[in-house]
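Engineer: I would like to see how this sequence folds:
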Amino acid sequence: MARFPVSEFKELPTPFYFYDLSLLDRTLAEIKRTARDPRFKVHYAIKANANPGILRRIQAAGLGVDAVSGGEISAALEAGFDGDKIVYAGVGKSDREITLGLEAGIQCFNVESLPELEVIDELAGQLGKVATVALRVNPNIDAHTHAYITTGLAENKFGINLEQLPAIVEKATSLENIRLEGLHFHIGSQITDNEPFVLLCETINGLLSEYAGKGYRFRTINVGGGLGIDYADPDRHPIPDFETYFNTFRNHLKLSEGQEVHFELGRSVVAQCGSLITRVLYVKEGVTKRFAIVDAGMTELIRPALYSAHHKIENLSSPNGERHHYDVVGPICESSDCFGKDELLPAIRRGDFLALRSAGAYGEIMASQYNCRPLPLSYFSEK
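Structural biologist: Residues are numbered from 1 along each chain as shown. Model prediction:
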């Protein structure tokens, strides 16, 4: 059960992000326990949350970083991560970002196209360096998740299609400033069905066998991330089922001696430790609706507007009152600025604090200043 010091919230300007660092620590400990395999290397997908306080905690736990921009590489370095623990993906790496990665000595570039491979080779040559790369393969696996966060289908912009892979493998091994080390996969996010991960393992096994027959051996296999969380009942499942997740790859991947498996977990690491705290401005009685108008909006948590996602909403001020139905909406001048419709909540009054749960991932990091709103502050608890 999450602990919210509501009495302390009264002095804080709302909205704000509230992070339970003790839960983050327990989550990191569970990752380390369940990934107990010398072949497994876990990288934190920094796109989920780049709050410096969160990053320092993750760095201290010994995880690496999965970055998808030059800015994320810089954030990781500033938080204390070593360059050789950073892997860098992204379909549109700029020359400046590639150069930053080369100069930082990052562990690996996850390459998504032949033109990108050629540019990395050219820039590495100019710096007198050899770039370690993995080729991101599009395995055409349906992750059974929202269309906007599915990344492994043939029509997605990400990765190299299977039929294009042989020519690019051959090209990569011919370039002087490229060291081809592995293959990279990522099939989507918020995956709650284990079947896509099993299918991914089968696809990887087939590729490894095929290329071994051609004399190619890949030292690293990066399976991406995508493990989902329980948005509906975060207190029941505050820590995702990492045991089943890692065992899927442990039991289904056919690795040869010396091969490593790299994971890129983001949402499952930080989502449940964070909440967006907002204050009720007005309770508006309509003809057929009752609205709870709060001071947070899609500028602080865009997932409901962008993905039709739902976050559990709690009335922290009056958790045990008589329940009524509310549309919980924000102040932004967009009809999509709605956190939930017909939410059954304890009676809401002006000034009450509401918590939008599971906001530790893709909450603060995606915040904007639309409507000239200031970015909110964040606060931490270690109790």
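
Engineer: Quick one: low-confidence residue ranges for this protein.
Structural biologist: Counting by pLDDT under 70, the chain contains low-confidence residues at 1-2, 142-156.

Engineer: give me that answer again for 50
Structural biologist: Within the chain, the stretches with pLDDT under 50 are 145-153.

Engineer: What's the biggest helix in it, counting residues?
Structural biologist: Counting residues, the longest helix found in the chain (DSSP state H) is helix 195-213.

Engineer: List the contacts of that helix.
Structural biologist: Residues outside helix 195-213 that contact it (Cβ atoms under 8 Å, 6 or more residues apart in numbering): 137, 139, 141-144, 152, 165, 169, 183, 185, 187-188, 191, 217-218, 221, 223, 226, 245, 248-249, 252-254, 256. Every C-beta, even on glycine, is put in place using the N, C-alpha and C of the backbone.

Engineer: list the buried ones in that helix?
Structural biologist: Buried residues in helix 195-213, counted by 16 or more other Cβ atoms under 10 Å: 196, 197, 199, 200, 201, 203, 204, 207, 208, 211.

Engineer: again with stretch 280-299
Structural biologist: Buried residues in stretch 280-299, counting neighbours by 16+ other Cβ under 10 Å, are found at 280, 283, 291, 292, 293, 294, 295, 296, 297, 298, 299.

Engineer: which residues of the stretch 201-350 of the chain fall in helices?
Structural biologist: For the stretch 201-350 of the chain, the helices defined by DSSP state H, counting those that start in this stretch cover 242-252, 267-270, 303-307.

Engineer: Tell me which two of the buried residues of stretch 280-299 sit farthest apart.
Structural biologist: The most widely separated members of these, counting by Cβ to Cβ, are 283 and 299 (21.5 Å).

Engineer: Hmm, residue 56 is touching residue 76, no?
Structural biologist: No: assessed by Cβ atoms under 8 Å, residue 56 is found out of contact with residue 76, at 10.8 Å.

Engineer: Compare the two (neighbour count), which wins?
Structural biologist: The residue with more neighbours, out of residue 56 and residue 76, is residue 76; 28 against 14, by other Cβ atoms under 10 Å.

Engineer: What is whatever helix or strand residue 56 lives in packed up against?
Structural biologist: Under the criterion of DSSP states H and E, residue 56 resides in helix 52-60. Counting contacts by 3 or more Cβ pairs under 8 Å, 6 or more residues apart in numbering; DSSP states H and E, helix 52-60 is packed against helix 21-34, helix 70-78.

Engineer: If we go by neighbour counts, what in that helix is buried?
Structural biologist: 54, 55, 57, 58, 59.

Engineer: same question, stretch 258-265
Structural biologist: For stretch 258-265, burial by neighbour count (16+ other Cβ under 10 Å) applies to 259, 260, 261, 262, 263, 264, 265.

Engineer: next one: stretch 127-145
Structural biologist: Residues of stretch 127-145 classed as buried by neighbour count (16+ other Cβ under 10 Å): 131-141, 143, 145.

Engineer: same thing with stretch 34-51?
Structural biologist: 34-35, 39-51.

Engineer: chain center to it: distance?
Structural biologist: Computed by Cα atoms, centre = their mean, to the nearest Å, the separation of stretch 34-51 from the middle of its chain amounts to 10 Å.

Engineer: switch to numbering from 305
Structural biologist: Got it, first residue is 305 now, which makes that one stretch 338-355.

Engineer: is it true that residue 624 touches residue 649?
Structural biologist: No: the pair residue 624 / residue 649 is not scored as a contact, 11.4 Å apart, by Cβ under 8 Å.

Engineer: which one of those two has more residues nearby?
Structural biologist: Set side by side, residue 624 and residue 649 show more neighbours around residue 649, with 20 against 8, by other Cβ under 10 Å.

Engineer: What residues does the more buried one make contact with?
Structural biologist: The contact partners of residue 649, by Cβ under 8 Å, 6+ apart, come to 596, 617, 618, 619, 627, 628, 630, 632.

Engineer: same question, residue 653
Structural biologist: Residue 653 makes contact with 584, 587, 621, 622, according to Cβ under 8 Å, 6+ apart.

Engineer: Nearest residue to residue 569 in space, please, no chain neighbours.
Structural biologist: Among residues not flanking residue 569 along the chain, residue 529 sits closest, at 4.5 Å (Cβ to Cβ, 6 or more residues apart in numbering).
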